[in-house]
Every structure is written in C-alpha cells, then in structure tokens.
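**Q** Using only what follows, build the 3D model:
(one chain, ligands or ions: 2)
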Amino acid sequence: MKTAPKLIAGVSTFLDDRIGPGGFLKRNLRKIFPDHWSFLLGEIALYSFIILLLTGTFLTFWFKPSMGEVVYSGSYQPLVGVRMSEAYASALNISFDVRGGLLIRQIHHWAALLFVAGMTVHMLRVFFTGAYRKPRELNWLIGLGLLTLALLEGLTGYSLPDDLLSGAGLRITQGVILGIPVVGTYLAFLLFGGEFPGHDIIPRFFTIHILLIPGILLALISAHLVLMWVQKHTQMPGTGRTEKNVVGGPFYPSFMAKSGAFFLFTFAVIALLATFAQINPIWLFGPYTPAAISAGSQPDFYMGFLEGSLRLMPSWEINFLGHTLSLSVLIPALLPMGVILTGLAVYPFVEQWVTGDRREHHFADRPRDNPVRTGIGFAGITFYGLLWLLGANDEISANFHISLYLTTIFGRFAIFIGPALAFVVAYRICIGLQRRDAEMLSHGVESGVIKRLPNGEYIEVHTPATQDIADHIRGKEEIPIIESGVDGDGIPPKETRTALGRLRAKVSEAYGTDHVPLEEERSHDERAAIGAGDDVHADAGERNPITRRRRQRSGRPGGGAR
Ligand code: HEM
Ligand code: HEM
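**A** Ligands and ions are numbered 1, 2, ... in the order given. Below is the predicted model:
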C-alpha cells in the first residue's frame with residue numbers, strides 16, 4: 001500500500017501532467033511558510049467561516065423565512081398557542097424538535113462570534129506588525145471589506161429568528177436608516193417593503209444572509225488568500241532571515257498537518273462552547289411585537305460599539321425648514337463606524353506619505369519598534385472598547401448599583417480622554433521595551449549567578465543574549481523621516497517647500513523620531529567579556545537616551561540593522 005506522502009506526490013504529478021504548467025502543484029506544495037503563533041489568528045477566522053457555511057446550510061433545511069402568522073404548537077410548552085411568525089416558529093422548531101438542531105444553531109452562533117473576534121484580532125496583528133505596508137495594502141483593504149461584510153452578515157443572521165431581540169435590533173436599524181437625511185425614508189421603505197416591520201424584511205434578510213453576503217465573502221476570502229500566497233507572508237526578524245528569503249516549513253507536509261490540527265482544535269472549542277454555554281435562547285422573550293419593551297436586550301458583541309455610541313450621544317437635533325436632522329441618531333450611527341473604518345483604510349497610505357517610505361516590507365515589525373503606530377492602535381482599541389462597554393451601561397448600572405446617568409456622563413468624558421491616555425501609556429511602554437532590548441544587547445541577560453570580585457564587590461554575571469534573540473532584536477528597522485532642514489547650499493528639499501510639505505516634515509519627524517538606538521557596534525568578544533562579569537549596573541536609561549535621529553530622505557532605506 002502506498003504511504004500518504006507517496007500518494008500525494010502521485011496525485012500532484014497526475015494533476016500537473018494534465019492541468020498544471022511547469023510542475024505548478026509540486027512547486028506550490030513545497031512553498032515555505034514562516035512560523036509564529038500570531039499568524040494563526042487569520043486561520044481562526046478562516047476555520048470559523050467554514051464552520052459557518054456548514055452549519056448555516058444545515059439550518060436552511062428547516063428555517064422558514066416567512067413572516068406569515070402561525071399559532072405555535074411545538075414542544076416548548078410556555079409558547080404553545082401563541083401567535084408568531086413562521087420564521088420564529090421554525091427557529092423554535094430547530095431548537096426543540098429537530099434532532100441536533102439546537103446544537104447546530106448554537107455552533108452557528110458561537111462560530112459567528114469567533115469569526116468576527118478572530119478576524120478582529122488578526123487585523124490588530126497585521127496593524128501592529130505593519131504587515132499592511134507595501135506590497136500588502138490591497139490585502140489590507142480586502143480585509144476591511146471582509147470585516148464590514150461580516151458585521152452585516154451577523155446583523156442579518158441575528159434578525160432571522162424574529163424573536164423579541166431580533167425585532168429590537170431591526171427597530172434600531174430602521175431608526176438609523178430613517179435618520180439619514182433626504183433619502184432615509186425612501187431607503188427604509190425600500191428595505192422593509194413599506195411600514196415597519198412589514199412582511200418582507202425576513203425573506204429579504206434571508207437571501208442576503210445565506211446567498212449574497214456568503215458569496216461575496218467566499219470570493220473575497222479566496223482573493224485574500226491567493227494574494228497572501230503570491231505576495232508571500234511576512235516573517236519575524238531572526239537568525240538567517242532577510243527581506244529576500246523566507247524561513248519556515250513547507251506548505252506540505254508541515255503546514256498542512258498543523259493547519260489540519262488547528263482546524264480541528266477550532267472546531268472543538270466552538271463545539272464545546274455550543275454544548276455547554278447557552279447562546280441566544282430565543283424562546284425566553286417570545287415573538288417580536290413592535291409594542292413590546294425589550295429591556296436588558298443586548299446585541300452580539302461586535303455590534304456593541306454602535307449601541308454604546310447611541311447611548312452616549314446627547315439628544316441633539318436640528319430643525320430646519322420643517323425638516324428634522326436627528327444628530328442623536330446620525331452621529332452615533334455613522335461617526336464611530338466611519339472614523340474606525342475610514343481611519344483603518346487610509347492608515348497604510350497616510351503612513352507612507354508621512355514617512356515617504358515606498359519600499360517593500362517583508363519583515364513584520366515588532367510593535368515596540370514603532371511607538372507612534374502602536375500608540376495610535378491602542379488609542380483606537382480604547383475608543384472602540386469604551387463604546388462597547390457603554391453599550392451595556394444599563395447592565396453596569398444595575399449590577400454595580402451606579403446611577404445610569406453617571407455611566408453616561410462618565411462615558412462622554414472617557415471617550416475623549418481614554419484614547420489620549422492610552423496613546424501616551426502605550427508609547428511610553430514601547431520606549432521602555434526598546435530600552436530593555438538595547439540593554440539586553442549591550443549587557444546581556446541576568447544569569448542569577450552572583451560573583452565576588454577581588455576588591456570585595458559583588459556583581460551579578462550577565463550572559464549574552466542567545467543569537468536568535470539578538471538577531472530578532474536587531475531586526476528593528478529605523479522609520480524613515482522626511483528631511484525638513486536645508487542642504488549645504490541652504491536649499492530645503494523639494495518635498496518641504498510648500499506649507500503642506502513643511503507640515504508633512506513635522507508630522508514625519510514626530511512619527512519617526514523618538515527612538516532608542518541599539519548597541520550594535522559591540523563585537524562578539526566584547527559581549528563575551530560582559531558574560532564573564534563586566535560592570536553591568538549602568539542605567540540603561542542613561543546609556544540609551546531617547547535620541548533625536550537625524551534624518552532620512554524620503555524613499556531611502558531606513559538604515560536598520562539588516
Ligand atoms: C459567514 C458568516 C455568518 C455569520 C456571521 C452568521 C451569523 C448568524 C447569526 C448570528 C444567526 C442567529 C443565530 C441564532 O438564532 O442564534 C444566524 C442565523 C442563521 N444563519 Fe447564519 N451566519 C453566517 C453564515 C451563514 C450561512 C453561510 C448560512 C447558510 C448557508 C447561514 C444560515 C443561517 C440561517 C438559516 C439562520 C437562521 C436559523 C436560526 O437562527 O435558527 N448563515 N446566522
Ligand atoms: C474573513 C476574514 C479573514 C480571513 C479568513 C483571513 C485570513 C488570513 C490568513 C489565513 C492569512 C495568513 C495567516 C495570517 O497572517 O494570519 C491572512 C493574512 C493577511 N490578512 Fe487576513 N483574513 C481575514 C480578515 C482580514 C482583515 C479584517 C484584515 C485587515 C483589515 C486582513 C489583512 C491581512 C493581511 C494584510 C495579511 C497578510 C499578512 C502578512 O503577510 O503578514 N485580513 N489573512
């Protein structure tokens with residue numbers, strides 16, 4: 001009997017002989033992938049998506065996307081005899097009368113949460129390591145498209161069961177659409193097929209949820225992965241790694257085996273959650289009626305930030321020529337989404353403009369090595385996190401016995417102060433970590449061995465950092481800066497002759513300057529001497545002060561250690 005590797009080699013030769021030009025499959029099966037735990041985050045999103053497709057298909061067999069009225073007669077006694085939509089009745093049927101139905105519904109819902117969570121942390125990994133830089137800007141934009149579609153997919157899915165929570169969410173959606181100036185009313189009528197809730201919204205959301213968005217997601221995810229494959233994955237700096245090579249394992253067998261195991265692991269976590277942790281118990285609140293008050297209702301976590309911004313906003317409106325502009329709805333619905341998504345979309349291009357850096361990057365930055373970017377990232381996370389937290393201000397108020405108004409007032413201040421504080425704290429931590437790196441290179445690592453010198457002094461022996469750690473730290477790349485001074489003839493560089501150019505140079509300096517130099521120059525012998533017990537007590541802060549680095553012309557390499 002053939003062994004598995006022989007079998008795969010045989011199949012790839014068979015296919016290559018018929019469809020693959022020039023050993024296409026064989027070549028690609030041997031493609032090298034770099035290894036780092038944070039590169040698994042994108043895979044979590046990928047595997048959750050596959051699980052969503054499989055469980056979603058199962059649900060379509062029994063779910064009835066109809067708002068026609070029926071009287072419930074299934075096995076959940078408290079609702080027997082209650083009038084409800086066919087959609088709600090079928091979701092109850094899936095939960096109580098279809099074998100394995102509740103488990104699959106719960107797997108679908110948990111997978112949806114993990115899908116969005118996975119892609120969000122994956123995006124943060126890409127952001128903090130600067131993996132969006134040239135040539136990966138396009139994949140970054142595709143990623144943002146995926147994120148937006150995932151939010152819409154979640155919103156439409158959450159609405160399908162047509163229980164009280166679905167209806168509360170739909171009501172907010174309709175209110176926000178109505179708030180859009182000029183076209184809002186028309187859009188709301190178009191989407192809902194008339195007055196709210198009407199009879200069309202569930203069938204429409206159903207088509208969008210099971211056909212339109214999954215189709216686009218599938219196409220975009222394929223494009224995302226193909227592009228990642230063609231452009232090659234970034235790698236962490238380390239021994240033997242350069243901008244031009246990739247160090248890691250081949251796609252087959254090492255990466256495929258790991259990915260297979262990781263898929264099963266992701267599935268196991270989702271299945272365990274779905275088995276033991278109840279999610280969206282639609283039977284508790286009954287069917288949606290527009291008159292019902294749904295206190296305590298919460299959206300899924302990824303919609304929490306929009307809910308929070310609605311709750312924080314003062315009740316502002318402008319009345320003009322008989323028209324009302326509901327700023328209290330419009331600003332919270334559009335601003336956070338707009339600020340976050342637009343900010344993320346333009347970030348790679350703004351950074352490129354600020355640094356003038358048009359080189360290709362295949363090394364992943366360490367977040368500490370770009371303190372301003374990391375600070376901005378943490379400011380963004382804090383902005384988002386506060387909105388998200390305040391989406392549950394009623395729960396906070398009830399559980400911690402704090403006045404609801406106090407939570408709102410706190411939120412209104414915190415939303416401005418919090419991100420600024422987060423920026424400063426993250427920035428300082430980055431500088432501190434850079435100093436620690438520099439100290440490790442120049443003084444080595446504390447060994448725990450205390451020696452007594454002939455003069456009676458006690459010192460701790462420091463051993464040199466291992467080669468791989470030292471190379472990892474030395475992978476730090478300087479951030480290029482646009483030159484704002486004048487050259488020998490007193491002429492300023494071309495980029496900075498206009499007011500905008502001068503502003504650019506200022507921002508560039510702020511973005512790239514504060515930076516701790518590494519003690520690169522020490523020879524191996526010198527470092528070995530440190531290991532033998534040099535004076536190791538110098539203050540790293542003194543030795544490696546934050547220096548104003550002078551200056552790099554736009555487009556030139558940053559002159560890092562590589
Ligand atoms: C790709 C991302 C997807 C996300 C984020 C997502 C999300 C959701 C959510 C949150 C629900 C509500 C679940 C509940 O009632 O507890 C839901 C319901 C549903 N989804 Fe999806 N879904 C996705 C893909 C799909 C696909 C691909 C299909 C079909 C092929 C599908 C079919 C359904 C059906 C039929 C329901 C209603 C059943 C029910 O709620 O019991 N979903 N979805
Ligand atoms: C459906 C959602 C997504 C899936 C399934 C997905 C999947 C993946 C996978 C498997 C990788 C390679 C492994 C890794 O780096 O983790 C990757 C790389 C990448 N993804 Fe995503 N991703 C998704 C969403 C996003 C989002 C939201 C962004 C950013 C806004 C993004 C930007 C990128 C970039 C720039 C790379 C290349 C990274 C590098 O070479 O270091 N992706 N994606």
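**Q** how about the most centrally placed residue in the chain, what does it touch?
**A** Centroid-nearest residue in the chain, with CA atoms, centre = their mean: T120, separated by 2.5 Å. T120 sits next to 147, 302 when contact means CB atoms under 8 Å, 6 or more residues apart in numbering. For glycine as for every other residue, the C-beta is placed from the backbone atoms N, C-alpha and C.
**Q** so which helix or strand takes in H462?
**A** strand 458-463 (DSSP states H and E).
**Q** picking up where we left off before, and the residue nearest to the centre of the chain, what pLDDT?
**A** pLDDT recorded at T120 is 97.
**Q** which residues of the stretch 351-500 of the chain fall in helices?
**A** Using DSSP state H, counting those that start in this stretch, the helices of the stretch 351-500 of the chain run over 371-390, 393-400, 404-443, 467-474, 499-512.
**Q** Run through the strands of the stretch 51-200 of the chain in chain order.
**A** 69-71, 83-85 (DSSP state E, counting those that start in this stretch).
**Q** show me the contacts for I450.
**A** Contacts of I450 by CB under 8 Å, 6+ apart are 458-461.
**Q** So which of the residues you listed is the closest to ligand 1?
**A** E460 (53.8 Å; CB to the nearest ligand atom).
**Q** these two touch, right, the closest one and G448?
**A** Yes. Using CB atoms under 8 Å, E460 is in contact with G448, at 7.4 Å.
**Q** These two: which has the busier surroundings?
**A** E460 (13 against 8; other CB atoms under 10 Å).
**Q** Any regions of the stretch 251-400 of the chain where pLDDT drops low?
**A** In the predicted model, the stretch 251-400 of the chain carries pLDDT under 70 at residues 292-296.
**Q** out of everything not next to it in sequence, what's closest to whatever residue of it ends up closest to ligand 2?
**A** Nearest residue of the stretch 251-400 of the chain to ligand 2, counting by CB to the nearest ligand atom: A364, 5.9 Å away. In this structure, A364 finds its nearest non-sequential neighbour in T129, 3.8 Å apart by CB to CB, 6 or more residues apart in numbering.
**Q** Show me what counts as buried in the strand holding H462.
**A** Using 16 or more other CB atoms under 10 Å as the test for burial, strand 458-463 gives 461-463.
**Q** ditto for stretch 235-253
**A** Across stretch 235-253, burial judged by 16+ other CB under 10 Å covers 235-238, 241, 243, 248, 251-252.
**Q** And the closest residue to ligand 2 within the stretch 51-200 of the chain, how far from V126?
**A** Per CB to the nearest ligand atom, G143 is where the stretch 51-200 of the chain lies closest to ligand 2, at 2.1 Å. Here the criterion is CB to CB, to the nearest Å. By it, G143 lies 7 Å from V126.
**Q** again, but for M313
**A** 31 Å.
**Q** and this structure, which residues reach ligand 2?
**A** Residues of the chain lying near ligand 2 by CB under 6 Å from any ligand atom: 39, 41-43, 45-46, 49, 119, 122-123, 126, 131-132, 136, 139-140, 143-144, 146-147, 221, 224, 228, 233-234, 364.
**Q** Is there proximity between stretch 132-145 and ligand 1?
**A** No. Figure legend: stretch 132-145 not in contact with ligand 1 (CB under 6 Å from any ligand atom); closest approach 13.6 Å.
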